[in-house]
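Asks: Based on what follows, work out the 3D shape:
(chains A and B)
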Amino acid sequence: KAGVTQTPRYLIKTRGQQVTLSCSPISGHRSVSWYQQTPGQGLQFLFEYFSETQRNKGNFPGRFSGRQFSNSRSEMNVSTLELGDSALYLCASRTSGNVETQYFGPGTRLLVL
Amino acid sequence: KNEVEQSPQNLTAQEGEFITINCSYSVGISALHWLQQHPGGGIVSLFMLSSGKKKHGRLIATINIQEKHSSLHITASHPRDSAVYICAVGGADGLTFGKGTHLIIQP
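Replies: The predicted structure follows:
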């Protein structure tokens, strides 16, 4: 089975722009979670989608949003980018339940100038 | 909100040494995860525990639910074990992560 894929792998944007990141989960996995990793805050949970519905959300401003499509692929969007949004954005997929191993993608490294 | 503490933050050891990384959390959880992150960012899930002990090769993970504590052990450590090891706990509001332990194994 192919692993979790994320596109693009690297991205440079300027303040005020918006960005959309994509995640394709492992075939058969219906849950996709998104995480932000920065040197200062470490890994933080953004949100989780299951069967096209947001199941859980972390403590991030409304500029961060996401969605999931019927084929379980997910996108996350960040509007009005700030310098502090520079981070590694990781997605992870699992079959469905909460007590399951998550499989992580390679991440998208976003730099905001 | 769960607080997750890992220790030590940094650890340098010689090849062959027995390694222990600790993780404590403040609130009851559904499961605890141990993750490994190599330079470049890729994260691999090593273990998911809800009770007891699991072993995979040279890696052993234990959890004590009553004490809200978990340990990750590496036996016969090798330079390729050099990585950041991250503890994460699962709850109603998704995963909460520790800050990670940066492990370097010198030949």
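Asks: What segments of chain A are strands?
Replies: A:5-7, A:10-13, A:19-24, A:31-38, A:42-50, A:53-57, A:64-68, A:74-78, A:87-94, A:103-104, A:108-112 (DSSP state E).
Asks: With chain B instead?
Replies: Remark: strands assigned in chain B by DSSP E are B:4-7, B:10-14, B:19-25, B:31-37, B:43-49, B:52-56, B:59-64, B:69-74, B:83-91, B:94-97, B:101-106.
Asks: how about the residues of chain B near chain A?
Replies: Proximity of chain B to chain A is confined to B:30-31, B:33, B:35, B:41-45, B:48, B:50, B:86, B:88, B:90, B:92-100 under the rule Cβ under 8 Å from any Cβ of the partner chain. Backbone N, C-alpha and C define where each C-beta goes, glycine included.
Asks: Show the buried residues in the residues you listed.
Replies: The neighbour-count test (16 or more other Cβ atoms under 10 Å in any protein chain shown) marks B:31, B:33, B:35, B:41, B:43, B:45, B:48, B:86, B:88, B:90, B:94-100 as buried among the residues of chain B next to chain A.
Asks: who touches residue A:113 in this structure?
Replies: Counting by Cβ atoms under 8 Å, 6 or more residues apart in numbering or on different chains, residue A:113 touches A:12-15, A:83.
Asks: so what pLDDT did residue 15 get?
Replies: No chain specified, so I'll use chain A. For residue A:15, the model assigns a pLDDT of 98.
Asks: Actually, chain B is the one I wanted.
Replies: According to the prediction, residue B:15 has pLDDT 98.
Asks: what's the answer for residue B:10, then?
Replies: Residue B:10 is given a pLDDT of 97.
Asks: ok, it to chain A distance?
Replies: Counting by Cβ to the nearest Cβ, to the nearest Å, the gap from residue B:10 to chain A is 14 Å.
Asks: Could you give the bridge partners of that residue?
Replies: Beta-bridge partners for residue B:10, by DSSP bridges, are residue B:102.
Asks: and it, how many residues sit next to it?
Replies: For residue B:10, the count of nearby residues is 10 (other Cβ atoms under 10 Å in any protein chain shown).
Asks: show me the contacts for it.
Replies: Residues near residue B:10 by Cβ under 8 Å, 6+ apart: B:101-102, B:104.
Asks: and stretch A:83-95, which residues are buried?
Replies: Applying a neighbour-count criterion of 16+ other Cβ under 10 Å, one finds A:85-94 buried in stretch A:83-95.
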